[in-house]
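K.L.:
Using only what follows, build the 3D model:
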Amino acid sequence: MGVGNRMKKQGMPMSLEDMGLGRKRKSTAHDSGSGPTKLVKLDRALRQQENEKKTKKKSKLINADAQITVPPSMPDMAEDDDDIEEEIVAEDLSDDAAQELQLPDGDTSPSSSASDSVLDSDIEDEAQQKAIFSEDEDSDAIETLNAANIEGLSRKLDQEQAQMEAEAQEELEDDALHTNIADDNLLDGPDQTTTLTPDLKLLHSRITETVRVLSDFTKLADKSRSRAEYTQQLLSDICTYYGYIPYLAEKLFNLFSPTEAFAFFEANERPRPIVIRTNTLRTNRRTLAQSLINRGVQLAPVGKWSKIGLQIYDTSVPLGATPEYLAGHYILQAASSFLPVMALAPQPHERILDMASAPGGKTTHIAALTRNTGAIFANDANKSRAKGLIGNIHRLGCKNVVVTNYDARAAFPTILGGFDRVLLDAPCSGTGVIAKDPSVKTSKTERDFLALPHMQKQLLLAAIDSVDHASKSGGYIVYSTCSVTVEEDEQVVQYALNKRPNVQIVDTGLGTFGTPGFTAYQGKTFTHTMNLTRRYFPHRENVDGFFVCKLKKTGPLKTGTTNGSASASASASANGGAPTIGTSHRPDPESPKMAEINGALSGLPPSTSANGTDTFGGFNSDEDKPYIDKAERKWRKARGLDPAATKAKAKQNQNQTGKVNGAKEEQRKVNENDTKTGKEKGTKQAAEAKPNGTKKEKRKKTE
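P.N.:
So this is what the prediction gives:
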């Protein structure tokens, strides 16, 4: 143990004999006089001097750093020891002890001299540093020190607290600058938002709350706000949260109720299940499923509506590199792509046309259903996509497929016609496959929804004209798109019905799977048989968005109809209103009809032939021309281009077309003149040759 407080102050204790406690002795006048009293006064003076030094040292420390505090003093017996010491000095000290303790003036106390003889320098310094926590000090000085320290510390803490609050407020304001929701009110308007990074969690909460209000508007809505304001707020939040452009978000939102629209947008954020189609030309579904299960693939039938589809839940091997895939036992294909072929229902030994066939999923499905009999014409206008089509045809073992690379609007039915069935999976905007291609959210504009339906109408009319209405087992056309917009689905079908009264909508044969098509939409009314078409949505059937319509051709296009032109009826043949190649009716290669075919292939517009007549079957492109020109001007204006350049470009094209037609007409006249001149020369030569021949014959006879 270290040296105690008493040992540090007064040194080693004296023996009882030295202190005069061992035996009683009579006190003298000297003993009771100045000795003890002088010692007590000397001890008090030394302690007072020591306290003053400590107070000065403490004041210096407080001024240097206000954070130094005086902790509560440790309980000890120093004060009691001093009282006992005073009693001992006053009563029992002997003359010898008094003489030993008496020192000349100016010298240090006996205790300090004794302590110097006992303590080393380190212990003495430690004792001086710890002296400020001793209770030997004056109580008034301690209270003053504690009050000063507490006041300074409190002021310091207040300053730190204020600084922390200021920093927190600054951080909140900085976060508020990076969000587009100013407060927690879920129904604040868009004018209270900024265009910086949104708070997605709060934004999603506001969308769900707005949908809930719109679902029961009369009970839950704020009376100060209209339904249009709620709808506009919801569309704005959908555009921000899901990343749609406003035009497309509004178009898709109008197809459903608010609750179902929210489910549709949510479904587009989740990928559709992986599905494979069994190639029945090489295997069956049970055998294929067992082989894949042995390779660690978790699968199940895609549904009761399909007998060849398998849905993949998990796999430990790449599905595009298994031996079964390379052997052509299956193909990766979306479940919704089964539906158009199932609606087409091809039969063996039929002539079937797939107008837009790449990458070959539907074409190979048709080949499997026909058991490699008949003839399948797989056409695609994109030559690079046709390469993948050919690869799948060879891998899956399809032997009855002919691949062509034509513009279907010009080639059918002009070059090929008389088909038993035609499948048209038309190019579209892709609004039903947003989960696969999120770029559709921002890439499709109003201009696309005017140009794409225009092309789809042309393709559908060409498909109708390519079908033989007299087919014993067929005469069907299936029109499908991977889009959910009415402009590309029901509106295109209605246009075809108006232009071709010899076709009608029939049941797709897909049962109750799917949703009936629209018979009315935003003031537009369609035929009542439009409910025979089928729509498929990702949030209802968990497949890609799809539209399927099946048409039946009942007869040829009659002459003099208001919906067709005279040239269309003139070009109608017994096989369904179109010349055919490969059938019993073969046109003369030198006939005017073949001249029109050659003109169509020479690069003229699809609806005109070399002599300017309409060979397309009565398609009136002038109806859509104002809308397309308007969209073109709007598109050019949005990109800072001159909108008037559209008209100038159209005039330039007309002039160029006129020049080309004029040059061809002149060339035709020159050819005709050359032909006539050649014939006349031949006649003269023949006439001149006859007399010469007669003379030779007479000479021979004479000889």
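
K.L.:
What average pLDDT does the helix or strand where residue 459 lies get?
P.N.:
Assigned by DSSP states H and E, residue 459 falls within helix 448-465. What helix 448-465 shows for mean pLDDT is 93.

K.L.:
Now that helix - C-alpha only, CSV.
P.N.:
The C-alpha trace of helix 448-465 is given here as CSV (Å, rounded to 0.1, in the frame of the first residue of the first chain):
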residue,chain,number,x,y,z
ASP,A,448,-45.7,5.5,-83.5
PHE,A,449,-49.3,5.0,-82.6
LEU,A,450,-50.3,6.6,-86.0
ALA,A,451,-47.7,5.0,-88.2
LEU,A,452,-47.8,1.4,-86.8
PRO,A,453,-51.6,1.0,-87.2
HIS,A,454,-51.3,2.3,-90.8
MET,A,455,-48.9,-0.5,-91.6
GLN,A,456,-50.9,-3.1,-89.7
LYS,A,457,-54.0,-2.2,-91.7
GLN,A,458,-52.1,-2.8,-95.0
LEU,A,459,-50.7,-6.1,-93.8
LEU,A,460,-54.1,-7.4,-92.6
LEU,A,461,-55.8,-6.5,-96.0
ALA,A,462,-53.0,-8.3,-97.8
ALA,A,463,-53.5,-11.3,-95.5
ILE,A,464,-57.2,-11.4,-96.3
ASP,A,465,-56.6,-11.2,-100.0
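
K.L.:
Which strands and helices lie in contact with the helix or strand that comes right after that helix?
P.N.:
Later in the chain than helix 448-465, the nearest helix or strand by DSSP H and E is strand 476-481. Here strand 476-481 touches helix 338-344, strand 421-425, helix 448-465, helix 490-499, strand 546-553, going by 3 or more CB pairs under 8 Å, 6 or more residues apart in numbering; DSSP states H and E. C-beta coordinates here come from the backbone N, C-alpha and C atoms, glycine included.

K.L.:
Residue 409 is nearest to which of those?
P.N.:
For the helices and strands packed on strand 476-481, proximity to residue 409 was assessed by CB to CB; helix 448-465 is nearest, at 4.8 Å.

K.L.:
If I take the closest one and helix 490-499, what angle do their directions form?
P.N.:
Here helix 448-465 points in a direction 40 degrees away from that of helix 490-499 (axes from the mean of the first three to the mean of the last three CA atoms, to 10 degrees).

K.L.:
Look up phi and psi at residue 330.
P.N.:
Dihedral angles of residue 330 (phi, psi; degrees, to the nearest 10) stand at phi -160, psi 170.

K.L.:
That one and residue 284: what is the separation?
P.N.:
11 Å (CB to CB, to the nearest Å).

K.L.:
Now for the two: what residues contact both?
P.N.:
Counting by CB atoms under 8 Å, 6 or more residues apart in numbering, the contacts common to residue 330 and residue 284 are residue 278.

K.L.:
Run through the residues that contact residue 228.
P.N.:
So residue 228 contacts nothing (CB under 8 Å, 6+ apart).

K.L.:
roughly how far apart are it and residue 221?
P.N.:
Distance, residue 228 to residue 221, using CB to CB: 11 Å.

K.L.:
now swap in residue 240 and tell me
P.N.:
22 Å.

K.L.:
do residue 467 as well
P.N.:
53 Å.

K.L.:
Of the two, give the one with the bigger neighbour count.
P.N.:
Ranked by neighbour count (other CB atoms under 10 Å), residue 467 and residue 221 place residue 467 first, with 29 against 17.

K.L.:
Give me the neighbour count for the nearest residue to the more buried one once chain neighbours are set aside.
P.N.:
The shortest distance from residue 467 to any non-neighbouring residue, by CB to CB, 6 or more residues apart in numbering, is to residue 553 (4.9 Å). Applying other CB under 10 Å, we find 26 residues neighbouring residue 553.

K.L.:
Going forward, count from 17.
P.N.:
Fine by me, first position is 17 from now on; the one you just mentioned is residue 569.

K.L.:
Could you pull up the residues touching residue 569?
P.N.:
With CB under 8 Å, 6+ apart, residue 569 has these contacts: 480, 483-485, 491-493, 518-519, 592.

K.L.:
out of the residues you listed, who's nearest residue 64?
P.N.:
residue 493 (119.7 Å).

K.L.:
Okay, the closest residue in space to that closest one that isn't next to it in sequence and residue 519: tell me how far apart.
P.N.:
Nearest non-adjacent residue to residue 493, counting by CB to CB, 6+ apart: residue 567, 4.3 Å away. Counting by CB to CB, the gap from residue 567 to residue 519 is 5 Å.

K.L.:
and for those two, which residues touch both?
P.N.:
Here residue 567 and residue 519 have 480, 493, 512 as joint contacts, going by CB under 8 Å, 6+ apart.

K.L.:
filter those to the buried ones?
P.N.:
480, 493, 512 (16 or more other CB atoms under 10 Å).

K.L.:
roughly how far apart are the second one and residue 522?
P.N.:
Noted for residue 493: a distance of 10 Å to residue 522, by CB to CB.

K.L.:
Touching both of those two, which residues are there?
P.N.:
Taking CB under 8 Å, 6+ apart as the contact rule, the neighbours common to residue 493 and residue 522 are 566-568.

K.L.:
Counting neighbours, which of those residues comes out on top?
P.N.:
residue 567 (25 neighbours).

K.L.:
so where's this protein uncertain?
P.N.:
Within the chain, the segments meeting pLDDT under 70 span 17-59, 61, 72-164, 188-213, 575-637, 655, 661-677, 690-719.

K.L.:
Okay, domains of it per the record?
P.N.:
21-150, 196-283, 364-599, 659-719 (automatic domain parsing).

K.L.:
number of nearby residues for the spatially closest residue to residue 296 that is not a sequence neighbour?
P.N.:
Excluding the flanking residues, the one nearest residue 296 by CB to CB, 6+ apart is residue 384, at 4.8 Å. The tally of other residues near residue 384 (other CB under 10 Å) stands at 22.

K.L.:
residues touching residue 384, list them.
P.N.:
Contacts of residue 384 (CB under 8 Å, 6+ apart): 295-297, 412, 414.

K.L.:
Dig out what residue 313 forms beta bridges with.
P.N.:
Beta-bridge partners of residue 313, counted by DSSP bridges, are residue 331.

K.L.:
Am I right that it is in contact with residue 334?
P.N.:
No. Using CB atoms under 8 Å, residue 313 makes no contact with residue 334, being 10.5 Å away.

K.L.:
more neighbours, these two?
P.N.:
Comparing residue 313 with residue 334 by other CB under 10 Å, the one with more neighbours is residue 313, at 20 against 8.

K.L.:
Next one: that one from residue 352, what distance?
P.N.:
Going from residue 313 to residue 352 by CB to CB gives 22 Å.

K.L.:
so the helix holding residue 475 versus strand 562-569, what angle?
P.N.:
Comparing the axes of helix 464-481 and strand 562-569 via the same axes, to 10 degrees yields an angle of 30 degrees.

K.L.:
Give the other helices and strands that helix 464-481 contacts.
P.N.:
Secondary-structure packing of helix 464-481 (3+ CB pairs under 8 Å, 6+ apart): helix 424-427, strand 437-441, strand 492-497, helix 506-515, helix 641-654.

K.L.:
Looking at the ones you listed, which is nearest to residue 321?
P.N.:
With respect to residue 321, and counting by CB to CB, the nearest of the helices and strands packed on helix 464-481 is strand 492-497 at 15.8 Å.
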